[in-house]
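Enquirer: Sequence first, predicted model second:
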Amino acid sequence: LERLVQAAGKCLPVHMNAFGEAKLLDYRETLPNDLFPLLVLDASGRCRATYKLMERRGDTLVRLPSATKRYDNLSLNLWSRGSGRAAYANDKEEVLIRGIAAQIATRPDEDWLIVHNKASVGDLQDRLEAHLGNAMTGTLHFLTWGNHHGTNAYAHVPNVVLASLFHIPPEVYEARVRLCAAMAGRDKVNATQLKNMALGEHLHNILQALCRGTVRGLGPDGTGSPCRAHLIAPTISGVASALPDLFPGAQLVEWMPEGATKLSKSIAAALAIIDAALRDGLGDTWTYAELAERIGMNAKDFKKRVARDPRFQREIASRGYVEDEILVQTPAGNRTAKGITLEQSAFGPC
């Protein structure tokens, strides 16, 4: 009621969410004019769209020169898949839980910090510990989103898992755009502004959460302390392409726990042929055209939907194959074709 009274006489914009619910949006300027000048020291200042929008207004924020921290000692491992509340609730085979547990099990004698949604406080811990059994000698620490900043309690932990992203309702993103850009009620917020706001908030929360661990440390050369981070985030979030700028110098690699991704029928069929040939000692080389023909697929489609698929590339690499130009004999003469060949050991047979 108080908020409605404050909005009396205004023209308020309406945000329609994905569920068809109408949300009235309003904001108030909460920074009094006599507060300035104010020096703001915020590590998230370089990634949040909130600051960028305020800066463009030209009446509030002036960005000062800043020192850039290096993250050469940070290993960033990204698992590209959905990780929201619904993803965990619908994960009947516990692919997410098993993937996190398998990663923790690679360093059972070290401490781990898991940052996750509040809705699964006890549930996530119980499910993880059930998969780990008694293998852990290190300590598992759990921290919910919303409590992921302002604490040094985990500054000694060298392994951090962000089991999800911190999602905010889309109407809140729009309200923040309007506030920071000082937009009037009739002004339109475009899709790019909403996308940039959402991405900036994701990056802000990732930065704050990861810096609860050892990476928050700072060496004499301006580099963060060694740390291993594991993130689960869908491709649509845009996080993957933004992480190198968020953590300059960090090593970003794909994280894909075994059995975490379901293979397409075409990939599974091609791998079945390769596995059968390997078992019978007949699978040294395969051209993509040969594999396409064997599974009844157009060669062009095979290259696009199978050969270039990261899942197929990962599977053939695990079997010891590498992509190569393969010599093919034809009635018109010899030519080369793209395919895979079994990598030979430089030391010869054992």
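Expert: Now that the structure is in, tell me what you want to look at.

Enquirer: Find the residue closest to the most centrally placed residue in the chain in space, skipping its chain neighbours.
Expert: The centre of the chain sits closest to residue 233, judged by CA atoms, centre = their mean, with a distance of 3.4 Å. In space, and not counting its chain neighbours, residue 233 is closest to residue 239: 4.5 Å by CB to CB, 6 or more residues apart in numbering. Every residue, glycine included, has its C-beta placed from N, CA and C.

Enquirer: need the contact list for the one you found.
Expert: Listed by CB atoms under 8 Å, 6 or more residues apart in numbering, the contact set of residue 239 reads 78, 165, 199, 202-203, 206, 231, 233.

Enquirer: OK, contacts around the residue nearest to the centre of the chain?
Expert: Contacts of residue 233 (CB under 8 Å, 6+ apart): 78-80, 83, 162, 165, 202, 239-240.

Enquirer: And the helices in the stretch 101-250 of the chain?
Expert: 121-132, 170-181, 191-210, 239-246 (DSSP state H, counting those that start in this stretch).

Enquirer: Output those helices in a markdown table, with distance to residue 227 and mean pLDDT appended to each entry.
Expert: Shown next, in a markdown table, are the helices of the stretch 101-250 of the chain (distance: least, CB to CB, whole Å; pLDDT from 0 to 100):
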| stretch | distance to residue 227 | mean pLDDT |
| --- | --- | --- |
| helix 121-132 | 20 | 78 |
| helix 170-181 | 29 | 94 |
| helix 191-210 | 7 | 96 |
| helix 239-246 | 14 | 95 |
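
Enquirer: okay if I get the contacts of residue 239 as a markdown table plus distance to residue 219?
Expert: Output for the contacts of residue 239, formatted as a markdown table (distance: CB to CB, whole Å):
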| residue | distance to residue 219 |
| --- | --- |
| 78 | 25 |
| 165 | 29 |
| 199 | 29 |
| 202 | 27 |
| 203 | 23 |
| 206 | 22 |
| 231 | 23 |
| 233 | 28 |
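
Enquirer: which of these lies closest to residue 38?
Expert: Nearest to residue 38, judged by CB to CB, of these is residue 203 at 23.4 Å.

Enquirer: Can I take it that residue 325 is in a strand?
Expert: Yes. According to DSSP: H, G, I helix; E, B strand; the rest coil, residue 325 belongs to a strand.

Enquirer: wait, doesn't it sit right on residue 335?
Expert: No. Counting by CB atoms under 8 Å, residue 325 does not reach residue 335; the two are 9.7 Å apart.

Enquirer: Next, give phi and psi for residue 75.
Expert: Here is the backbone geometry of residue 75 (degrees, to the nearest 10): phi -100, psi 120.
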